[in-house]
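Peer 1: sequence first, then the predicted structure:
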Amino acid sequence: MLDIRLIREQTDFVKSRLATRGGADDVAKIDEVLRVDAERRKAETALQQLNGDRKRLSKEIGGKRARGESAEELETKVREIGDQIALLNEQTSAADEQQKDLLLGIPNLPHPNAPVGKDPSENPVVRSRGEKPDSKGAILDHVALGTKLKLFDLERAAKLSGSGFICFTGAGAKLERALIQFMLDLHTNQHGYLEMSPPFLVRRECMVGTTQLPKFEEDMYGLEYNELFLAPTAEVPVTNFHREEILSASELPKKFVAYTPCFRREAGSAGRETRGIIRVHQFDKVELVKISAPESSYAEHESLTENAERVLQLLGLHYRVIELCTGDLGFGSAKTYDIEVWSPGQNAYLEVSSCSNFEDFQARRMNLRYKDTEGKNRFCHTLNGSGLALPRLFAALIETGQQEDGSIRIPEILQPYFGAAEIR
RNA sequence: GGAUGGGUGGCAGAGUGGUCUAAUGCGCACGCCUGGAAAGCGUGUUUGCCGCAAGGCAACCAGGGUUCGAAUCCCUGCCCAUCCGCCA
């Protein structure tokens, strides 16, 4: 959520930053929200004026009554004021609600240095590590490999839950578990993150806090009767962990890592990148979350991204980091790096992590603040990134590790977790 | 699912119709004091709206009601806690 004062005081700046995202309607929403804001303040000021009048006159009535004098005239007057107050009250809260709804639908401002562009084709590559493995013999893609070695069963998973679900089996299930364990250990032991195991079902207000709602409701799984939602990422429960709190400056930055399943409808994306286990309705993910002071959030963003990259480096997988251009930036993000692992079977890079700095956009929605050194309450900055998402990592790992005899080599660092050097 | 008790500032917590301009304590910041520190003393310590400013006004979970007047009384909702039932 953007600060209404920023919109009021630097309207042109806000509009021009939003315009780089490419949505003309976002710019139009600024005019709309300013109109409602002016309306709201006008009604609010009048309301407060009348409230003050009523208070003063009511006290006078009290005094008169105490002295045994008649206060009838004043009482009539105050009653009239009361009627006006009721009317203005309605106007004020209607405008207030309307303003809030509008603000919730306006995306964050891209960082001033964000590359300007209209779609993913304009995302610059920031860096690249490792190399594409040379392909001796026929490369099988993860679906063929996984099916042959019985690492997962997509057909039977569909029997359970429909298309877009995976059921890992045998060595596949164990590899999934080994990867999770490996990543959690890396981030807690070497990168200093606190491990969390949060609820997977969250309240609506948490989903609003981390910007999944109200705009993207059709992509979420909700539970009809009690209004809980299946979290689409651990970002939701973990970032909201401190919602409506005031943290002390000395405890920042907070660094959390959580493994959770993630639930996504992926409405409208059928047919796009849906081969095998690349895009599914339920997948596992290890997520990194930081709550930071504004001054240091961009440094924290760099280190968070590096922490996620470390997973791929240790597993010996080729990857690149791209920065999202303004037109591809997510709704709440000011700056995002995507980490993409090389998939020999797809002959393409697969996104396994999206590392974003939301600045105070989420914090303002969830009223997450900290007390700075002058004792002033300020909004925190929030950040997150996958560290990493499992199915695509799994796919890249088995495709990269396949050997000429059809077996799969397990990276050395993972062997203690997996309990074997290869899958055959 | 049933029953009960709650929701007040950064925190704890008082306040059952006008004097609440929300007591008191704690924490935090700044100042005084001190050789330095602690203690002590003083000042400050939420947000929004109007105003150039000084300053003023509003907000005691939310919404409605009673009343000339509500933190306070009544109703509804949301949230929290405890007990009982069910249950891994």
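Peer 2: Structure received.
Peer 1: so residue A:200 makes contact with residue A:233?
Peer 2: No. At 10.4 Å, residue A:200 does not count as touching residue A:233 under the criterion of CB atoms under 8 Å. Just so you know, the C-beta spots here come from the backbone N, C-alpha and C atoms, and that holds for glycine as well.
Peer 1: name the residues contacting each of the two.
Peer 2: Each of residue A:260 lies in contact with both residue A:200 and residue A:233 under the rule CB atoms under 8 Å, 6 or more residues apart in numbering.
Peer 1: who has more neighbours out of those two?
Peer 2: Between residue A:200 and residue A:233, counted using other CB atoms under 10 Å, residue A:233 has the larger neighbour count: 24 against 16.
Peer 1: residue contacts, that one?
Peer 2: Here residue A:233 is in contact with A:260, A:262, A:285, A:287, A:384, A:386 (criterion: CB under 8 Å, 6+ apart).
Peer 1: 6 Å - rerun?
Peer 2: By CB atoms under 6 Å, 6 or more residues apart in numbering, the contact set of residue A:233 is residue A:262.
Peer 1: then residue A:107?
Peer 2: Residue A:107 neighbours (CB under 6 Å, 6+ apart): residue A:331.
Peer 1: recalculate using a threshold of 8 Å.
Peer 2: Contact analysis of residue A:107 by CB under 8 Å, 6+ apart lists A:18, A:21, A:23, A:26, A:329, A:331-332.
Peer 1: can you classify it by secondary structure?
Peer 2: coil (DSSP: H, G, I helix; E, B strand; the rest coil).
Peer 1: so what pLDDT did it get?
Peer 2: You'll see residue A:107 listed with a pLDDT of 95.
Peer 1: output the set of residues of the stretch 51-200 of chain A in proximity to RNA strand B.
Peer 2: A:51-52, A:54-55, A:57-59, A:61-62, A:65, A:75, A:78-79, A:82, A:86, A:89-90, A:93 (CB under 7 Å from any atom of the strand).
Peer 1: strands - which of those residues land there?
Peer 2: Among these, DSSP state E puts none in strands.
Peer 1: and for residue A:405, the neighbour number?
Peer 2: Here the number of neighbours of residue A:405 (other CB under 10 Å) works out to 8.
Peer 1: could you find the closest non-adjacent residue to it?
Peer 2: Once flanking residues are discounted, residue A:405 sits nearest to residue A:424: 7.6 Å by CB to CB, 6 or more residues apart in numbering.
Peer 1: again, but for residue A:95
Peer 2: residue A:40 (3.7 Å).
Peer 1: what sits against that neighbour?
Peer 2: Here residue A:40 is in contact with A:92, A:95-96, A:98-99 (CB under 8 Å, 6+ apart).
Peer 1: how far away is it from RNA strand B?
Peer 2: For residue A:40, the distance to RNA strand B equals 7 Å [CB to the nearest atom of the strand, to the nearest Å].
Peer 1: so that residue sits in a helix?
Peer 2: Yes. Counting by three-state DSSP, residue A:40 is found in a helix.
Peer 1: tell me the residues on the stretch 301-424 of chain A that lie near RNA strand B, please.
Peer 2: Residues of the stretch 301-424 of chain A lying near RNA strand B by CB under 7 Å from any atom of the strand: A:371, A:373-377.
Peer 1: could you give the average pLDDT over stretch A:80-95?
Peer 2: Stretch A:80-95 comes out at a mean pLDDT of 85.
Peer 1: how about stretch A:417-424?
Peer 2: The pLDDT scores in stretch A:417-424 average 96.
Peer 1: so how far is it from its chain's centroid?
Peer 2: On the basis of CA atoms, centre = their mean, to the nearest Å, stretch A:417-424 sits 34 Å off its chain's mean C-alpha point.
Peer 1: what does that stretch rub up against?
Peer 2: For stretch A:417-424, contacts defined as CB under 8 Å, 6+ apart pick out A:149, A:151, A:171, A:174-175, A:177-179, A:181-182, A:398, A:401, A:403, A:405-410, A:415.
Peer 1: using PDB, write out every CA atom in that stretch.
Peer 2: Extracted in PDB, the C-alpha atoms of stretch A:417-424 (Å, rounded to 0.1, in the frame of the first residue of the first chain):
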ATOM      1  CA  TYR A 417      21.100 -36.300   3.300                       C
ATOM      2  CA  PHE A 418      20.100 -38.700   0.600                       C
ATOM      3  CA  GLY A 419      22.000 -41.700   1.800                       C
ATOM      4  CA  ALA A 420      23.400 -42.700  -1.600                       C
ATOM      5  CA  ALA A 421      25.600 -41.400  -4.400                       C
ATOM      6  CA  GLU A 422      23.300 -42.100  -7.200                       C
ATOM      7  CA  ILE A 423      19.800 -43.200  -8.200                       C
ATOM      8  CA  ARG A 424      19.500 -46.200 -10.500                       C
END
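Peer 1: which of the residues in that stretch are buried?
Peer 2: Within stretch A:417-424, the residues scored as buried using 16 or more other CB atoms under 10 Å are A:417-418, A:423.
Peer 1: need the helices for chain A, in chain order.
Peer 2: A:4-9, A:11-19, A:24-66, A:72-104, A:142-148, A:154-161, A:171-185, A:204-209, A:235-239, A:297-315, A:361-366, A:390-401, A:415-418 (DSSP state H).
Peer 1: among the contacts of residue A:107, which one has the most neighbours?
Peer 2: residue A:329 (26 neighbours).
Peer 1: what's the pLDDT at the one residue sitting closest to the centre of chain A?
Peer 2: The centre of chain A sits closest to residue A:210, judged by CA atoms, centre = their mean, with a distance of 5.0 Å. Predicted confidence (pLDDT) at residue A:210: the value is 94.
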